[in-house]
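**Student:** Predicted structure and sequence below. I'll ask about it afterward.
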Amino acid sequence: MSVFKKIFNRFKKDEEADKEIMEELQEEGEVSEEEILKELESYSEEEAEVFPGLEEAEDINEEEELEADIEALIVPEEEYEVEAEDEEGPVERVSLFKRLKEGLSKTKQGITGKIETLIKSYQKVDEELLEELEEILITADLGVQTTMEIMDSIRAGIKKQNIKEPEAVKELLKDKLKEILESLSADEKLKLEPSPAIVLVVGVNGVGKTTSIGKIAHKLKKQNKKVLLAAGDTFRAAASDQLKIWGDRVGVEVIRHQEGADPGAVVYDAIAAAKARKVDVLICDTAGRLHNKKNLMSELGKIFKIVDREYGEATKEVLLVLDATTGQNAIQQAKIFKEVADITGLVLTKLDGTAKGGVVIAISSELKIPVKLIGVGEKMEDLQDFEAKSFVEALFGE
């Protein structure tokens, strides 16, 4: 039984299992009794009863998201910052680029690993090689439209440079990928200046929205910014509780109402609090489960009107969180949200869990929305600023 299942049992008030679970956890050295009880006992009985409903939720990813939140509570903070070689060996800080390469290992196997094998199996450049390359790109979720654009560019490069060696085709591909991603590089960074700033975070349930908000708050706190969170996703069971967990973990305050409250009212109160406390950045979670586009448009529209009216002086970012493991479905979600909101940037999560990281390139090419942050692991620093050059270099293992 994993530590997460044991904690879920504790949330479900399985009194008979309590003693056994605590003994197992301490014997396995996973977490101390004091660490678990300190967090669990901060919840009222009514709040704790909310969590069992997560297992019955329509979107199973919500439980995975809660697991990530619990992991953030039980892993000592120093493990986020360093990685040990062995128990007695030196402790070495892992560079962000190394983490990026590790996080993109599955995508590398799914795209560049297959391309390397393909290149080595051909002695010359011919149409058959190009057709196989095209198939690899499509299956890596670059999408038909983006793949055709890339292949047209490669064919033109082969003709112009009179390329005969297959290895040179890989260089043409790298150059084209950089060109696509760097076309939006001017908007890669979060725009939080001048202060104050407000970041509205949208996305469907289960994509890692709450976890991303917590990690963004952590990044900004490390930059000495004063951060406030608003739990505007009042429709999903335990959403505000999850955000509260992250707020406590990161050390920032969370403005929240009771479950089912009006999201607009939460954002209104959060803006008032941000003004009163002279906050640098207010990050607002928003509803992710609305039955149709009309409802989504209505709910987000109301929130945007409140922001424009009450916080018009603030620098505004609207971030859409997408799960990279869903591939082309992520692009469809982005298209829908783009219709109902002025999306200024994307947060792509779970890139470490998919071989179809080509969706990063497809989204940049098709939707012309800059990718601002990417998630390549569960640790705090694994939500990284997106840099086109570093991404392509990590993809090709350089």
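**Tutor:** Cool, got the structure.

**Student:** Out of the helices and strands in this protein, which is least certain?
**Tutor:** strand 91-92 (a mean of 33; mean pLDDT, DSSP states H and E).

**Student:** Next, work out how far apart Lys176 and Asp152 are.
**Tutor:** 9 Å (CB to CB, to the nearest Å). Using the backbone N, CA and C atoms, a C-beta is placed for each residue, glycine as well.

**Student:** Neighbour count for those two, which is higher?
**Tutor:** A direct count of neighbours by other CB atoms under 10 Å for Lys176 and Asp152 places Lys176 higher, at 19 against 11.

**Student:** residues in contact with that one?
**Tutor:** By CB atoms under 8 Å, 6 or more residues apart in numbering, the contact list for Lys176 reads Ile150, Ser153, Ile154.

**Student:** Helix, strand, or coil at the closest residue to the second one other than its chain neighbours?
**Tutor:** For Ser153, ignoring the flanking residues on the chain, the nearest one in space by CB to CB, 6 or more residues apart in numbering is Lys176 at 4.7 Å. Secondary structure state of Lys176, per DSSP: H, G, I helix; E, B strand; the rest coil, is helix.

**Student:** what pLDDT does Lys176 get?
**Tutor:** On pLDDT, Lys176 comes in at 91.

**Student:** Format the contacts of Lys176 as TSV; extra columns: distance to Lys379.
**Tutor:** Below are the contacts of Lys176 laid out as TSV (distance: CB to CB, whole Å):
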residue	distance to Lys379
Ile150	32
Ser153	36
Ile154	37
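
**Student:** Would you mind measuring from the residue nearest to Ser153 to Ile361?
**Tutor:** Taking CB to CB, one finds Lys176 at 9 Å from Ile361.

**Student:** Find residues that contact each of these two.
**Tutor:** Taking CB under 8 Å, 6+ apart as the criterion, Lys176 and Ile361 do not both touch any residue.

**Student:** Am I right that Glu171 falls within a helix?
**Tutor:** Yes - remark: Glu171 belongs to a helix, assigned using three-state DSSP.

**Student:** and the gap between it and Lys178?
**Tutor:** According to CB to CB, Glu171 stands 11 Å off from Lys178.

**Student:** Equivalent analysis for Pro166, please.
**Tutor:** From Pro166 to Lys178 the distance is 20 Å (CB to CB).

**Student:** Would you mind telling me which of the two has the busier surroundings?
**Tutor:** Higher neighbour count among Pro166 and Lys178: Pro166, with 19 against 16, using other CB under 10 Å.

**Student:** where does the stretch 201-350 of the chain have low pLDDT?
**Tutor:** For the stretch 201-350 of the chain, applying pLDDT under 70 flags the ranges 289-293.

**Student:** can you map out the helices along it?
**Tutor:** Listed in chain order, the helices of the stretch 201-350 of the chain (DSSP state H, counting those that start in this stretch) span 209-222, 239-250, 263-276, 293-310, 328-340.

**Student:** Tell me which residues of the fourth one come out buried.
**Tutor:** In other words, helix 293-310. Residues of helix 293-310 classed as buried: Leu296, Met297, Glu299, Leu300, Ile303, Phe304, Ile306, Val307, Glu310 (neighbour count, 16 or more other CB atoms under 10 Å).

**Student:** Report how many residues lie close to Leu220.
**Tutor:** 21.

**Student:** Now do the contacts for it.
**Tutor:** Leu192, Val227, Asp280, Val281.

**Student:** now do 6 Å
**Tutor:** Counting by CB atoms under 6 Å, 6 or more residues apart in numbering, Leu220 touches Val227, Val281.

**Student:** on contacts alone, who are the packing partners of the lengthiest strand in the chain?
**Tutor:** Taking DSSP state E as the criterion, the chain has its longest strand at strand 315-323. With contacts taken as 3 or more CB pairs under 6 Å, 6 or more residues apart in numbering; DSSP states H and E, strand 315-323 sits against strand 197-202, strand 345-349.

**Student:** For Gln161, which of these is the nearest?
**Tutor:** Closest approach to Gln161 among the helices and strands packed on strand 315-323 (CB to CB): strand 345-349, 32.9 Å.

**Student:** Many thanks, we can stop here.
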